[in-house]
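**Student:** no sequence on hand, only this structure:
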């Protein structure tokens, strides 16, 4: 069965680079019109849009902070205006460890920052697009969890891990809530994915090598590995799948 997203409007948060860019490009390559989102790096966001257009796809860039409800509304409204319809596919990719902080040093501000970028953004992006999805009786929502949701993450990342576990649980509850409206809600849960700012920022070379050696497939993942799973969940191939999580980790965590 061929994946054909022609006529579908997709929105991928945090899609200026890395995993988000790979997801946006995969959706566009299969026919979707894609809303690309960035927080600060407009140049990278435009590079994503240019790459999609160069390959024959349709894309528009909207700069917005997805922890801010007014900017969420602006983001969705601008994407829908650009493509003349409501969002069919939402991928909540935006998220961040932010900073490694031991619990003995955790502040309320840092706690809120981590929870806002991972959990709050997911909840209120979903809320914003659900009206349009319910009206047409169709929708695909893919949220971004992490292997950290299962194992607590690395040093100083317990709140990040908790936020990703919250995303996973929230997705199950939302999946039940909207199933009668033809909307599916699923998660992808990446493990060690290379070529991303996450590990470039937070993982030492020694830790990277040790992690790769512990992975049964003996390699780090790529953004395209994650994009392939998202593409499946966004397509009609996954029409009978909801409330589930796809683990993308080369076998380092098996349920």
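**Tutor:** Nice, thanks for sending it over. Bear in mind the structure is a predicted one, so any value in this text is a computation, not a measurement.

**Student:** list the residues that contact the nearest residue to residue 193 once chain neighbours are set aside.
**Tutor:** Of all residues not flanking residue 193 in the chain, residue 221 sits nearest, at 4.3 Å (Cβ to Cβ, 6 or more residues apart in numbering). For every residue, glycine as well, the C-beta is placed using N, CA and C. By Cβ atoms under 8 Å, 6 or more residues apart in numbering, residue 221 lies in contact with 190, 191, 192, 193, 194, 248, 249, 250.

**Student:** from residue 159, how far off is residue 221?
**Tutor:** 24 Å (Cβ to Cβ, to the nearest Å).

**Student:** isn't residue 193 right next to residue 225, touching?
**Tutor:** Yes - between residue 193 and residue 225 there is a contact at 7.1 Å, judged by Cβ atoms under 8 Å.

**Student:** more crowded one of those two?
**Tutor:** Just comparing residue 193 and residue 225: by other Cβ atoms under 10 Å the higher neighbour count belongs to residue 193, 23 against 20.

**Student:** okay, that one: pLDDT?
**Tutor:** For residue 193, the model assigns a pLDDT of 91.

**Student:** which phi and psi values does it adopt?
**Tutor:** Note on residue 193: backbone dihedrals following degrees, to the nearest 10 are phi -110, psi 120.

**Student:** residue ranges with poor pLDDT in the stretch 151-255 of the chain?
**Tutor:** Applying pLDDT under 70 to the stretch 151-255 of the chain flags residues 197-203.

**Student:** helices along that one, start to end?
**Tutor:** Along the stretch 151-255 of the chain, the segments classed as helices by DSSP state H, counting those that start in this stretch run 158-178, 197-202, 205-214, 223-234.

**Student:** take the ones you listed and write them to TSV, including distance to residue 36.
**Tutor:** Shown next, in TSV, are those (distance: least, Cβ to Cβ, whole Å):
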stretch	distance to residue 36
helix 158-178	21
helix 197-202	16
helix 205-214	28
helix 223-234	14
